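Enquirer: Pasting the sequence and the predicted coordinates here, then a few questions.
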Amino acid sequence: MAHENGIYMAYNDIWLLDGVRTPFIEYNTALGLVSPTDLGIKVARTVLERAGVPPADVGSVIAGCVEKASFDGYFLARHIGLYSGVPVDRPALMVQRVCGTGFESITQGADAIALGKISLGLCVGAESMSRSPIAAYTHRGGFRLGQVEFKDTLWEALHDTAPDVSMGVTAETLAVTYKITREDVDRFAESSFARALAAQKNGFLAGEIVPLVTEKFELTGYKPRGIQLPKGVDRLADDTHIRPSSFEGLSKIRPAFGGVQTGGNSSGIVDGAAAVLVGSGAYVRSKSIKPLARVAAVAAVGVPPEIMSIGPAPAIRRVLDGAGMTLDQIGRFEINEAFAAQLLGVERELKLDRAKLNVNGGAIAIGHPLAVTGVRLVLTVARQLRQAKLRYGIASACIGGGQGIAVLLENPEAAG
């Protein structure tokens, strides 16, 4: 329902069946030439197989990709569905809510189920940061002397032209407001890397990753697609941005925006994809599926663009208010670590318990492939609830342009 403080929607009997993601690979490395469409096809095929769900049961494909990273990028959602075996008569929808795109794909799937349009949605986020184009928008009519201007969209897109500030500066604003120091952000980044390293070592991260190999995706009557890894790379199974990162090392990196933020305490730039299946209770019961979690509610709010980074705080408050719940009822929080100062600002604003927050590391260590992050966070928090036998969890992110989004999940095994 609409509200003066954003949008809130509760769901009664809608379920997250299963999910999977690729390893997140440092940009301009092993996946640098791979289309996000093909990464999306891989995770879509895998999640259907893992869940034991026939592609013919999918009522709609909802996929997101923020950067147009290939000339056929307009068809990304449709091609993911077709090459995953989803029947040709099932529609596909592209969504884009910047860093909230992955969440939006899941929300759109849940909304379609709630409206009775479908009983099962295939929800995907795919992103190639490596293939973000070098572009020009004003040269179709030709080039004037001295006025040839091509720019890096990956860098330029960080600048919000309304308040005339970059995304990083919005984090610096929070650093001033919440008295966050350079030591604070580097200590947090050190912790993010350490937690992710531990999750990599103990196998938690591997539980949501499908390894990548060179392979073809065939579709009768149509051109084959596929993933081609570089020569000498046979298999990709682990996130590559995760590495030992000490406070001492992080503290030596120069500021990126004139304040506390650096390349070391900001989210990693990576390529990857993730997919989940969202289904109605009737569908889940008819197939005797043991779902991962119940999708309980979602909230999306707007905030001033110049403090974009604070978005998760009002979004989390909104989803809790709508559900009639309090922060202390939430066992796990997964909040995107776009920037350390951004995450610490949200943590301080909500007075969150660090022991419940990003317990397996976050985007500073793992990386933030824009449209993929929301799908990963929802999947990760659902798995954490199962592992820790906790009932409720929230996944959330700030969104460029001044928004926040939050999804509330319930672990059915811990429900009273």
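Expert: Thanks, I have the structure now. Numbering: from 1, shown residues only.

Enquirer: what about residue 232, how many neighbours?
Expert: 6 (other Cβ atoms under 10 Å). In short, each C-beta sits where N, CA and C put it, glycine included.

Enquirer: And it, how far from residue 30?
Expert: Residue 232 sits 10 Å away from residue 30, going by Cβ to Cβ, to the nearest Å.

Enquirer: got it, and residue 178?
Expert: 38 Å.

Enquirer: same deal with residue 263?
Expert: For residue 263 relative to residue 30 (Cβ to Cβ), the value is 20 Å.

Enquirer: cool, residue 124 as well?
Expert: Taken as Cβ to Cβ, the span from residue 124 to residue 30 is 21 Å.

Enquirer: Neighbour count: the two, which is higher?
Expert: Using other Cβ under 10 Å, the more surrounded residue of residue 124 and residue 30 is residue 124, with 36 against 18.

Enquirer: For the protein, give me the ranges with low pLDDT.
Expert: Filtered on pLDDT under 70, the chain yields the residue ranges 1-4, 416.

Enquirer: at 50 what do you get?
Expert: For the chain, the stretches with pLDDT under 50 are 1-3.

Enquirer: Which parts of it are helices?
Expert: Taking DSSP state H, the helices of the chain run over residues 36-51, 76-83, 101-114, 153-156, 167-177, 182-201, 247-250, 281-286, 312-323, 340-350, 363-366, 373-388.

Enquirer: now the fifth one against helix 182-201, angle please.
Expert: The directions of helix 167-177 and helix 182-201 differ by 120 degrees, with axes from the mean of the first three to the mean of the last three Cα atoms, to 10 degrees as the criterion.

Enquirer: Just say which of the helices of the chain is most tucked in.
Expert: helix 363-366 (a mean of 30; mean count of other Cβ atoms under 10 Å).

Enquirer: Next, report how far that one is displaced from the centre of its chain.
Expert: Taking Cα atoms, centre = their mean, to the nearest Å, the mean C-alpha location of helix 363-366 is offset from the chain mean by 12 Å.

Enquirer: Stretch 251-264 too?
Expert: That offset, for stretch 251-264, works out to 24 Å (Cα atoms, centre = their mean).

Enquirer: Report the buried residues of that stretch.
Expert: Neighbour-count burial for stretch 251-264 flags 251, 253, 256-257, 259-262, 264 (criterion: 16 or more other Cβ atoms under 10 Å).

Enquirer: Distance to residue 237 for these - can I get that in CSV?
Expert: CSV is the format used below for these (distance: Cβ to Cβ, whole Å):
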residue, distance to residue 237
251, 32
253, 28
256, 31
257, 34
259, 37
260, 34
261, 31
262, 29
264, 25
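
Enquirer: Show me the two of the residues you listed that sit farthest apart.
Expert: Pairwise distances across those (Cβ to Cβ) peak at 16.4 Å, for the pair 251 and 257.
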